[in-house]
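[1] dropping the sequence and predicted coords here.
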Amino acid sequence: MSYNPPMSFSERRGAVFNEELSLNTHHGIKSLAQPRPRGPPTPSMSTPAADFDQVTGSPPPPPTPAASPGPSNSRPDWKSADETEEAYLATIRQYFVKCNSAQRGRLLSDLLNLCTSQQLSFVHQFVSPLLKKDPFTTLPDELCLRILSFIDDPKVLVRASQVSRRWRDLLSDDMTWKNLCVKHDYQRRMSEVQAMRAELYGHAQRDDGAAAGDCSGALTSNSLPTSFGSSTGARPRLTSYKSHFKQRYLVDVAWRTGGRNISKNLTQDGGVVTSLHLTSKYIIVALDNARIHVFDTEGNALRTLQGHVMGVWAMVPWDDILVSGGCDREVRVWDLTTGNCLHTLRGHTSTVRCLKMSDANTAISGSRDTTLRVWDIRNGTLIKLLVGHQASVRCLEIKGDIVVSGSYDTTAKVWSISEGRCLHTLSGHYSQIYAIAFDGYRVATGSLDTSVRIWNAQTGECQAVLQGHTSLVGQLQMRGGTLVTGGSDGSVRVWSLERFCPIHRLAAHDNSVTSLQFDDTRVVSGGSDGRVKVWDLKTGQLVRELITQGEAVWRVAFEDEKCVAMALKNSRTVMEVWNFSPPEEMLNDRPVIPLKRTLDAPAPDGSRPLSAFALDYRGAGSSSSGNGMLDVDMPDAGPSTAPLQQSGGMFFRDP
């Protein structure tokens, strides 16, 4: 009659020692009635805590993402075991439990000295998983989160969240993702940005200086103030730092390697694009053929505004209102929803060259007749006439009640709108001023004399002369403590306004830089060589080329998730619209799927659940390993085997 008691953990652990453990002191071995299909525990096998405590007093080993390789003889053969072997091993176990630490060490040392190399390898593979400890199961939450705060790579955090439920719970803490947002310069929560927009601005017009830290800003190609570009009406409200980080991360990856683009022929001839604006509702394009084309943000044509007699050279939008001016010396006010001209403002005696708006009712125009005019666009009347320049007014910028203007008379002037007078005349350039930037405190001017000058707007004093360009500086943008300039020499330069020194010198284009814009992350430049290039603002490295085979690029405007470029291709004026936004369903935090549902069990609505949801955002030509993964909350189940489906450069598991 065989002796076959129920096996405890200690018995399972001791059962792997074969005839060498018997010390060769007992009778011949006979077959047991019941084979023992038990092997050494692996990380994928849960171990009863009570049994474990009886032997070592330690907590059970934690699970790991994948089981460690077990020994080749993980299932000892009990077919040839003698009936007395089980009783003998039980005696050894009882003796071992009663031994002190020194006695146990001597016993184990003696046994191991009797083992062959193959048996020692078996011992190593058996013991190695048991020595692994999960610190997150014993450390307090605060210390665990502190450890996680040192991880910079989001892919590491995502993979770590799949280790166990405990790890997933720790990585669901929003402070971890907030710290990661700070490390990746994603400081602003999208919901906070939306609230700030509604509270501070309330309109499409954007003050770039006041919102230098905004993570979703947009600037037009030819001016600092512009429209907000995010389609906040269609985008679900993000409520966590994890959601915000995921959205920003996917958008950044799309800027590097993905995105979807459409191309539309605007004219059958090579019409010159004179102005481009990208707002939350519209893409607005003005040409030298007197027409203004209005599209939605996806590039679908809405209407064409006709009324100007000759080329339109300046325009500025505000919500559903557009103000434009051109060679016919008129300033027109348009309703973008209907396409009707609300007012025609006359008074300039030469081409209207630049336009800006200080609020929803006030527009300021600069003309080749040397004057600036302040208009009430609600009533269609002239408010102020600003006289002082001696040549054409080429550019202007507004912050609050202050407007600064640059002229071909080599000077820039600081004006008070309410007082209608010149506060300062900024003299120092040796040739015409073509570009100007103003953040409320500093004025930057770019000139044909190849230099850029920085002025104090309060005192009119020249603070610095930035030299490095070898030709006309026609593109300027100021944002916080950074200034980016583009010249006819084809170079783009990034300057520090704190130290008044260059940060990056970019050999961007083979010909003139015709359009330039940057935000907290990237610089986008367009040139007469027909190329649009994206640069990393921090490193100065080229990220990618959006357009490579054009004949010329007229204008570029972008926001966080969209970029619009106007180019000349095959002697036709073409508009290219790039979309870098991930699908909306990727941005929402998904609920944890019940463990009882499997991939093979359909949901009540007919869809199949996901045990893990991971997305790999990569573009054409990228490696199969992908550029990164971001997951949502998932149960402790294995990875999904659902096939990857593609949607506009985005690869995701189709539920």
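    Right, received. Where do you want to start?

[2] from here on, just use CA atoms for contacts and neighbour counts.
    Noted.

[3] can you tell me, leaving aside adjacent residues, what's nearest to Ser324?
    Met315 (4.0 Å; C-alpha to C-alpha, 6 or more residues apart in numbering).

[4] now that neighbour, what's its secondary structure?
    Of the three states, Met315 takes strand according to DSSP: H, G, I helix; E, B strand; the rest coil.

[5] so who does it touch?
    By C-alpha atoms under 8 Å, 6 or more residues apart in numbering, the residues touching Met315 are 275, 286, 322-325, 354-356.

[6] which one among these gets closest to Val532?
    Ser275 (16.6 Å; C-alpha to C-alpha).

[7] look up phi and psi at the closest one.
    Backbone torsions for Ser275, taken as degrees, to the nearest 10, come to phi -160, psi 150.

[8] compute the number of surrounding residues for the closest residue to it other than its chain neighbours.
    Closest residue to Ser275 apart from its sequence neighbours, by C-alpha to C-alpha, 6+ apart: Ala286 at 5.1 Å. A total of 26 residues lie near Ala286 under the criterion other C-alpha atoms under 10 Å.

[9] sorry, back to before: now for the contacts of Met315: which two are most distant?
    The widest separation within the contacts of Met315 (C-alpha to C-alpha) is 15.2 Å, between Ala286 and Lys356.

[10] what's across from Phe438 in the sheet?
    Following DSSP bridges, Phe438 is listed with bridge partners Val443.

[11] can you check the pLDDT for it?
    Listed pLDDT for Phe438 reads 95.

[12] wait, isn't it in contact with Glu397?
    Yes - the criterion here is C-alpha atoms under 8 Å, and Phe438 meets it with Glu397 at 6.2 Å.

[13] who touches both of the two?
    Contacts common to Phe438 and Glu397, judged by C-alpha under 8 Å, 6+ apart, are Val404.

[14] tell me where the model's unsure across the protein.
    1-78, 187-239, 270, 585-655 (pLDDT under 70).

[15] show me the helices in it, by range?
    Here the chain has its helices, by DSSP state H, at 9-14, 49-55, 83-98, 101-113, 117-130, 141-148, 154-160, 165-171, 174-183, 190-196, 241-257.

[16] between those, which one is closest to Val452.
    helix 241-257 (30.2 Å).

[17] what helices or strands is the closest one leaning on?
    helix 174-183, strand 542-547, strand 614-617 (3 or more C-alpha pairs under 8 Å, 6 or more residues apart in numbering; DSSP states H and E).

[18] so which of the helices of the chain is the most packed in?
    helix 241-257 (a mean of 22; mean count of other C-alpha atoms under 10 Å).

[19] in stretch 567-579, which residues are buried?
    Using 16 or more other C-alpha atoms under 10 Å as the test for burial, stretch 567-579 gives 567-569, 572-579.

[20] in these, find the pair that's most separated.
    Arg572 and Asn579 (22.3 Å).

[21] so who does the nearest residue to Gln268 once chain neighbours are set aside touch?
    With sequence-adjacent residues excluded and distances taken as C-alpha to C-alpha, 6+ apart, Gln268 is closest to Arg572, at 5.3 Å. If you count contacts by C-alpha under 8 Å, 6+ apart, Arg572 has them with 265-271.

[22] how much space between Arg572 and Leu546?
    Remark: distance between Arg572 and Leu546 (C-alpha to C-alpha, to the nearest Å) = 18 Å.

[23] could you do Asp369 as well?
    39 Å.

[24] still on that earlier bit, Val403: which of the helices of the chain is closest?
    helix 190-196 (24.5 Å).

[25] just to revisit the earlier point, which one, of the helices of the chain, ends up nearest to Val393?
    Nearest to Val393 among the helices of the chain is helix 190-196; the distance by C-alpha to C-alpha comes to 34.2 Å.

[26] so which of the helices and strands packed on helix 241-257 is nearest Thr297?
    Nearest of those (C-alpha to C-alpha): strand 542-547, 18.0 Å.

[27] for that closest one, which positions count as buried?
    By neighbour count on 16+ other C-alpha under 10 Å, the buried set for strand 542-547 is 542-544, 546-547.

[28] okay if I get the helices of the chain as a markdown table plus distance to Thr459?
    What follows is the helices of the chain, written out as a markdown table (distance: least, C-alpha to C-alpha, whole Å):
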| stretch | distance to Thr459 |
| --- | --- |
| helix 9-14 | 83 |
| helix 49-55 | 76 |
| helix 83-98 | 87 |
| helix 101-113 | 83 |
| helix 117-130 | 72 |
| helix 141-148 | 48 |
| helix 154-160 | 47 |
| helix 165-171 | 52 |
| helix 174-183 | 36 |
| helix 190-196 | 31 |
| helix 241-257 | 40 |
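
[29] closest one to His343 among these?
    helix 190-196 (32.1 Å).

[30] now do the contacts for the spatially closest residue to Val484 that is not a sequence neighbour.
    Spatially, and ignoring its direct neighbours in sequence, Val484 is nearest to Val494 (4.5 Å; C-alpha to C-alpha, 6+ apart). Val494 makes contact with 482-485, 502-505, according to C-alpha under 8 Å, 6+ apart.

[31] so which of the residues you listed are in strands?
    Under the assignment DSSP state E, the contacts of Val494 contribute 482-485, 502-505 to strands.

[32] which among the residues you listed count as buried?
    Applying 16+ other C-alpha under 10 Å to the ones in strands among the contacts of Val494 flags 482-485, 502-504 as buried.

[33] now, which of those sits nearest Ile402?
    Comparing these against Ile402 with C-alpha to C-alpha picks out Leu483 as the nearest, at 20.2 Å.

[34] give me the neighbour count for the closest residue to that closest one other than its chain neighbours.
    Of all residues not flanking Leu483 in the chain, Trp495 sits nearest, at 5.1 Å (C-alpha to C-alpha, 6+ apart). Each residue near Trp495 was counted by other C-alpha under 10 Å, and the total is 20.

[35] same thing with the one 4 residues further on?
    As a burial measure, the neighbour count of Arg499 was computed by other C-alpha under 10 Å and equals 10.

[36] just Val465 next, same as before
    Val465: 16 neighbours (other C-alpha under 10 Å).

[37] nearest to Leu423, of the helices of the chain?
    helix 190-196 (31.9 Å).

[38] before we move on, the earlier item: distance to Asp252 added to the contacts of Val494, as JSON lines?
    Listed next are the contacts of Val494 as JSON lines, based on distance: C-alpha to C-alpha, whole Å:
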{"residue": "Thr482", "distance to Asp252": "21"}
{"residue": "Leu483", "distance to Asp252": "22"}
{"residue": "Val484", "distance to Asp252": "21"}
{"residue": "Thr485", "distance to Asp252": "23"}
{"residue": "Pro502", "distance to Asp252": "25"}
{"residue": "Ile503", "distance to Asp252": "22"}
{"residue": "His504", "distance to Asp252": "21"}
{"residue": "Arg505", "distance to Asp252": "23"}
